[in-house]
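Chemist: Let me see the structure of the following:
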Amino acid sequence: MKIGELAKQSGTAASTIRYYESIGLLPAGVRNSNGYRQYTVNSVEQLKIIKFAQSLGFSLEEIPTLRKPNKELDHTAIIERLTQKQHEANALIEQLQRKSERIGSLINLLDASWSNGECIGDEKINELLNEVEY
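Modeler: Residues are numbered from 1 along each chain as shown. Next comes the predicted model:
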């Protein structure tokens, strides 16, 4: 199949496929005598694996490190990196939960003040600003 068909089947832009080839993430398609690259069904699967790895938080630079020099999957490296990705995801969830709680508290504070026709004073605003996590 040509690059356009590969792009369609994999849901990956042709320019992205060429980029993956240029950085060695995807083997280059074999060129025919007319200069067109030809790809196999295996190329579609490789692109799906790349997208899946990215969906788990792996960068394009990390993906090749999940294979041994002989190109087999490095099971130990994969488990270690997935464990790390899980810890990162859990930390992000905790951070988002704290953010949601702060937003909820602010909504309640504003609603209570404004429903009484009051405005929040500078003292309360400064107190809230001092609670912000960076």
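
Chemist: what's the longest helix in this structure?
Modeler: When the chain is parsed with DSSP state H, its longest helix is helix 75-115.

Chemist: Just want the most central residue of the chain.
Modeler: The residue lying closest to the centre of the chain (CA atoms, centre = their mean) is Gly57, at 4.4 Å.

Chemist: Skipping adjacent residues, who's closest to that residue in space?
Modeler: Distances taken as CB to CB, 6 or more residues apart in numbering put Lys85 closest to Gly57, at 4.7 Å, once the chain neighbours are dropped. In short, each C-beta sits where N, CA and C put it, glycine included.

Chemist: my read: the one you found touches Gln54, true?
Modeler: No. Here Lys85 does not reach Gln54: they are 11.3 Å apart, not a contact under CB atoms under 8 Å.

Chemist: after the longest helix of the chain, next one along is what?
Modeler: Using DSSP states H and E, the next helix or strand after helix 75-115 towards the C-terminus is helix 122-130.

Chemist: chain center to that following helix: distance?
Modeler: 35 Å (CA atoms, centre = their mean, to the nearest Å).

Chemist: same check, this time on stretch 18-28
Modeler: Relative to its chain's centre, stretch 18-28 lies at 19 Å (CA atoms, centre = their mean).

Chemist: Now do the end-to-end distance for that stretch.
Modeler: Length of stretch 18-28, first residue to last, CA to CA, to the nearest Å: 8 Å.

Chemist: what's the model's confidence in it, averaged?
Modeler: Mean pLDDT, computed over stretch 18-28, is 93.

Chemist: Quick check: buried residues in that stretch?
Modeler: Tyr20, Glu21, Leu25, Leu26 (16 or more other CB atoms under 10 Å).

Chemist: And those residues, which two are furthest apart?
Modeler: Checked with CB to CB, the buried residues of stretch 18-28 reach their widest spread between Glu21 and Leu25, with 7.6 Å between them.

Chemist: same for the host helix or strand of Asn42, what does it pack against?
Modeler: Using DSSP H and E, Asn42 falls within helix 41-55. Here helix 41-55 touches helix 3-10, helix 14-22, going by 3 or more CB pairs under 8 Å, 6 or more residues apart in numbering; DSSP states H and E.
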